[in-house]
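# Give the three-dimensional model of this entry:
(one chain, ligands or ions: 1)
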Amino acid sequence: MVHTVLTHGDPMLLMADVQLERAVSRLGFDEAMLDWLRTPERKLQVAVPVRMDDGQIQVFDGFRVQHSTARGPAKGGIRYHPQVTMEEVQALATLMTWKCGVVGIPFGGGKGGISVDARQLSTAERERMTRRYAAMILPIIGSRRDIPAPDVDTDAQTMAWFDDTITMFKGYADPAVVTGKPVDLGGSLGRAEATSRGMAHCTLLALDKLNVDIDDVTIAVQGYGNVGRNYAEIMDREFPAKIIAISDVTGAYFNGDGFDTQEIAQFLRRTGGLLEGLDQEKPHIERITNEGLLTCDVDVLAPAAIEGQITGANANDVRAKVIIEGANGPTTIGGHEKLTARNVLVVPDILANAGGVTVSYFEWVQGLQFHAWTLDEVATRLERIMINAFENVWEVSQNHGISMREAAFMVAVDRVAQAMLTRGLFP
Ligand code: NAD
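Numbering: from 1, shown residues only. This next block holds a predicted model:
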């Protein structure tokens with residue numbers, strides 16, 4: 001039987017599945033191999049009964065999927081969202097396999113989640129739910145089996161509860177059982193900005209390939225959250241790049257002279273984290289539309305907010321020479337085809353934002369060794385991995401005359417397939 005991935009029309013998951021098929025075909029593998037590569041190794045659904053603060057019991061559906069362990073333990077986040085389903089978790093676990101594969105870290109893909117609107121829960125309810133979920137998926141979790149991390153609506157505190165629950169069951173400390181922990185509990189220095197730092201490395205490498213000097217490069221950043229804000233700050237403070245457009249859920253803002261990200265940080269401290277009203281701050285800051293940000297005249301566009309932003313409808317209007325996909329799935333298949341036809345250099349999400357999972361891997365290594373690296377060690381190792389991964393994908397894209405996205409999937413799928421074939425089929 002040939003298994004398909006149910007994508008529910010989700011553009012990100014559809015893109016990943018199309019790219020898997022293309023990679024398998026380019027690599028010369030057959031249908032059976034495609035089926036083997038696509039099918040998750042293990043899927044677990046659990047009941048998560050929680051005593052609410054009012055004494056009533058509510059039962060939530062919890063999931064954990066291990067897509068692949070061919071190259072190492074499964075690795076991937078846990079999300080709390082009302083729309084979490086087994087199909088979504090499965091597709092996201094698959095995507096993690098390719099992300100770990102493209103940067104060459106020894107993990108396969110995993111993902112988990114609970115179908116819940118966690119913003120409606122009190123902190124105590126959230127803790128009880130997290131601990132019950134951790135206990136329910138414990139049989140398949142472990143530092144050498146499957147290592148969760150934060151994702152949508154879960155954070156370092158969630159990981160601390162998760163880690164503590166596993167410690168209670170096992171009776172000994174195992175700091176490598178989850179990543180994204182608070183630094184005091186064995187989290188890694190540099191994790192918070194790792195995704196953005198990886199994007200910064202990709203930006204420099206991509207500009208270099210186009211012979212564009214970083215001096216005076218202009219950048220538009222969509223989304224000013226963890227990923228977008230850290231990226232803007234790194235590019236503004238450490239390089240002579242000009243951040244001329246930024247946005248968040250409140251709107252988009254343009255400053256032809258370049259934003260001072262330190263001033264924005266002060267502004268955000270006053271407003272509680274949102275950019276609303278930024279155009280009132282200085283006369284030369286203009287409010288623009290989201291479309292205006294995506295299509296403004298810049299060298300680099302960094303979509304770092306949500307999925308499905310560059311589509312068949314607007315891709316031809318995008319003027320950036322380089323796109324650094326900080327968000328997962330910011331470009332739809334339609335957008336991808338148009339950008340590829342126009343030779344826009346797109347560093348795809350599975351490569352551009354893989355700095356996050358790479359430093360999660362460092363956190364895991366530090367946890368296994370009960371040892372903490374310095375920020376400098378983390379940064380140097382991250383840079384080495386990002387450069388190697390970028391150059392490898394670039395070379396494949398040049399050799400095959402394909403986009404970096406197609407090349408990234410080829411690299412990742414080939415690594416996973418080779419690991420499966422070398423291990424052989426048990427029994
Ligand atoms: P976040 O919630 O911290 O930030 C998201 C930002 O996007 C916020 O500023 C929000 O206001 C903004 N936003 C939301 N909707 C928007 C819209 N319609 N237009 C413009 N801005 C909008 O999230 P994050 O952790 O920064 O993640 C951003 C993206 O990066 C997601 O796709 C996530 O999956 C991906 N990602 C994150 C990490 C990580 O380490 N945090 C790693 C890999 C990939």
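
# Scan the helices and strands of the protein for the one with the lowest mean pLDDT.
Counting by mean pLDDT, DSSP states H and E, the chain has its least confident helix or strand at helix 11-26, which shows a mean of 92.

# What residues of that helix count as buried?
11-17, 19-20, 22-24, 26 (16 or more other C-beta atoms under 10 Å). (C-beta placed from N, C-alpha, C; glycine too.)

# ok, now stretch 270-287?
So for stretch 270-287, counting by 16+ other C-beta under 10 Å, buried means Leu275, Leu278, Asp279, Ile285, Arg287.

# can you put those residues in TSV and add pLDDT, distance to Thr422 and secondary structure?
Formatted as TSV, those follow (pLDDT from 0 to 100; distance: C-beta to C-beta, whole Å; DSSP: H, G, I helix; E, B strand; the rest coil):
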residue	pLDDT	distance to Thr422	secondary structure
Leu275	97	50	coil
Leu278	96	53	helix
Asp279	95	57	helix
Ile285	96	56	coil
Arg287	97	56	strand
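
# And those, which is closest to Gly401?
Leu275 (40.6 Å; C-beta to C-beta).

# measure that closest one to Asp257 for me?
17 Å (C-beta to C-beta, to the nearest Å).

# how many neighbours does the residue of the stretch 101-250 of the chain found nearest the ligand have?
Per C-beta to the nearest ligand atom, Gly225 is where the stretch 101-250 of the chain lies closest to the ligand, at 1.7 Å. Per other C-beta atoms under 10 Å, the neighbour tally for Gly225 reads 15.

# Contact residues of the protein facing the ligand?
Residues of the chain found near the ligand (C-beta under 6 Å from any ligand atom) are 195, 222-228, 247-249, 290, 304-306, 326-328, 353, 356.

# go again using 8 Å as the cut-off
Residues of the chain lying close to the ligand (C-beta under 8 Å from any ligand atom) are 150-152, 191, 194-195, 222-229, 247-250, 252, 274-275, 290, 293, 304-307, 309, 326-330, 349, 353-357.

# Among the residues you listed, which ones are in strands?
Pro150, Gln222, Ser247, Asp248, Ala252 (DSSP state E).

# which residues sit in contact with the first one?
The contact partners of Pro150, by C-beta atoms under 8 Å, 6 or more residues apart in numbering, come to Gly77, Ile78, Ala156, Thr158, Met159, Gly180.

# So which of these wins on neighbours?
Going by other C-beta under 10 Å, Ile78 tops the contacts of Pro150 with 30 neighbours.

# per-residue pLDDT, that one?
Looking at Ile78, its pLDDT reads 98.

# Look up how far Gly225 lies from the closest residue to it other than its chain neighbours.
Nearest residue to Ile78, sequence neighbours excluded (C-beta to C-beta, 6 or more residues apart in numbering): Gly112, at 4.3 Å. Counting by C-beta to C-beta, the gap from Gly112 to Gly225 is 22 Å.

# State the helix or strand in which the residue nearest to Ile78 lies.
strand 108-115 (DSSP states H and E).

# After that strand, heading C-terminal, what element do we hit next?
According to DSSP H and E, the helix or strand after strand 108-115 is helix 123-137.

# List the buried residues for that next one?
Result for helix 123-137 [16+ other C-beta under 10 Å]: buried residues 125-137.

# what's that helix packed up against?
When contacts are defined as 3 or more C-beta pairs under 8 Å, 6 or more residues apart in numbering; DSSP states H and E, helix 123-137 packs onto strand 42-51, strand 57-66, strand 108-115, helix 156-170.

# Show me what the longest one is in contact with.
Counting contacts by C-beta under 8 Å, 6+ apart, the residues outside helix 156-170 that touch it are 78, 126-127, 130-131, 134-135, 138, 141, 148-150, 173-175, 177-182, 185-187.

# Next, the angle helix 123-137 makes with it.
50 degrees (axes from the mean of the first three to the mean of the last three C-alpha atoms, to 10 degrees).

# for helix 156-170, the distance to its chain's centre please.
Once both centres are worked out by C-alpha atoms, centre = their mean, to the nearest Å, helix 156-170 turns out to sit 23 Å from its chain's centre.

# Same question for stretch 298-310.
So, by C-alpha atoms, centre = their mean, the centroid of stretch 298-310 is 14 Å from its chain's centroid.

# Dump that stretch to PDB, restricted to CA.
This file holds the C-alpha atoms of stretch 298-310, laid out as PDB (Å, rounded to 0.1, in the frame of the first residue of the first chain):
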ATOM      1  CA  VAL A 298      15.100  45.700  -0.900                       C
ATOM      2  CA  ASP A 299      18.100  43.400  -1.400                       C
ATOM      3  CA  VAL A 300      17.000  40.900   1.200                       C
ATOM      4  CA  LEU A 301      13.500  39.900   2.200                       C
ATOM      5  CA  ALA A 302      13.200  37.800   5.400                       C
ATOM      6  CA  PRO A 303       9.700  36.400   6.000                       C
ATOM      7  CA  ALA A 304       9.800  35.500   9.700                       C
ATOM      8  CA  ALA A 305       6.200  35.500  10.700                       C
ATOM      9  CA  ILE A 306       3.800  32.900   9.500                       C
ATOM     10  CA  GLU A 307       3.300  30.500   6.600                       C
ATOM     11  CA  GLY A 308       1.800  31.100   3.100                       C
ATOM     12  CA  GLN A 309       2.900  34.700   2.600                       C
ATOM     13  CA  ILE A 310       4.700  34.600  -0.800                       C
END
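
# In that stretch, which residues are buried?
Applying 16+ other C-beta under 10 Å to stretch 298-310 flags Val298, Asp299, Val300, Leu301, Ala302, Pro303, Ala304, Ala305, Glu307, Gly308, Gln309, Ile310 as buried.

# The helix or strand where the fifth one lies pairs with which strands?
Secondary structure assigned from DSSP H and E places Ala302 in strand 300-303. Each strand that strand 300-303 pairs with, and the sense of that pairing, follows from DSSP bridges: strand 218-222 (parallel), strand 322-324 (parallel).

# could the ones you listed go into TSV alongside distance to Thr165?
Converted to TSV, the strands paired with strand 300-303 look like this (distance: least, C-beta to C-beta, whole Å):
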stretch	distance to Thr165
strand 218-222	37
strand 322-324	37
